[in-house]
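K.L.:
Sharing a model that was predicted from the sequence below.
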2 protein chains.
Amino acid sequence: MATKLKISSFQDLNPVIHEKTRLAIMTYLISTRQASFSEVKSELELTDGNLNLHMKVLEKNGYTRVQKAFVRRRPRTTYQVSDKGLRAFQEYVLLLERMLDIGKRGRSAVARPAKP
Amino acid sequence: MATKLKISSFQDLNPVIHEKTRLAIMTYLISTRQASFSEVKSELELTDGNLNLHMKVLEKNGYTRVQKAFVRRRPRTTYQVSDKGLRAFQEYVLLLERMLDIGKRGRSAVARPAKP
């Protein structure tokens, strides 16, 4: 049986990942394994500046790996989530889901998504 | 079958609820149905100032109801999540879970919490 989670554990939710733009970037990069700057920008509907800012935070924390290459003589920057980033994401999701379960157990009105 | 979620939907994650202290407050109040200021403060390990700040944001958005009463001649403030707050929480959780599922589907290494 899992140990009882204290609600004060929310303090441990990783702020690097919890910020919603970075949460979307991490989720997207994990789902695609790797993506170029312009793909991420287009899929997430972000500006260059905004995406650049959040990419730098992820990179600084070692959560992403960046590869620069030339494709048809044009520079192409590709991003992927590092092993450290994947572990941090997993820990974040586990803690978040356990926290949300506290709310769900307390009041069954919180709906669950339909299983396909 | 559920409609396909675009990763850009992260923009719709309710910022009032996504902020992690308020997420914990909402989760706690839903689980307990109602709680006093001092109970929330103690359970979440917050300062008076910090809790007060976030409680005001939730109240201003109509997500909580506040009751003030005297118990043994001492003022006691009790909070509970309003119907509007509960709906907003449910919508937030559904969108968040669907977003996180994108990451999980993409790379099965993202662990799920063990079922009891």
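P.N.:
Great, that's in hand.
K.L.:
Can you name every helix or strand that the biggest helix by length in chain A contacts?
P.N.:
As assigned by DSSP state H, the longest helix anywhere in chain A is helix A:83-106. Counting contacts by 3 or more C-beta pairs under 8 Å, 6 or more residues apart in numbering or on different chains; DSSP states H and E, helix A:83-106 is packed against helix A:15-18, helix A:20-32, helix B:20-32, helix B:83-106. From N, CA and C alone the C-beta is placed, and that goes for glycine too.
K.L.:
Turn the ones you listed into CSV, columns for distance to residue A:74, mean pLDDT and mean neighbour count.
P.N.:
Converted to CSV, these look like this (distance: least, C-beta to C-beta, whole Å; pLDDT from 0 to 100; neighbours: other C-beta atoms under 10 Å in any protein chain shown):
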stretch, distance to residue A:74, mean pLDDT, mean neighbour count
helix A:15-18, 31, 97, 18
helix A:20-32, 20, 95, 23
helix B:20-32, 40, 95, 23
helix B:83-106, 27, 89, 18
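K.L.:
Distance to residue A:98 added to these, as TSV?
P.N.:
As requested, the helices and strands packed on helix A:83-106 are exported to TSV (distance: least, C-beta to C-beta, whole Å):
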stretch	distance to residue A:98
helix A:15-18	15
helix A:20-32	17
helix B:20-32	10
helix B:83-106	13
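K.L.:
Figure out which of the ones you listed is closest to residue A:9.
P.N.:
helix B:20-32 (8.5 Å; C-beta to C-beta).
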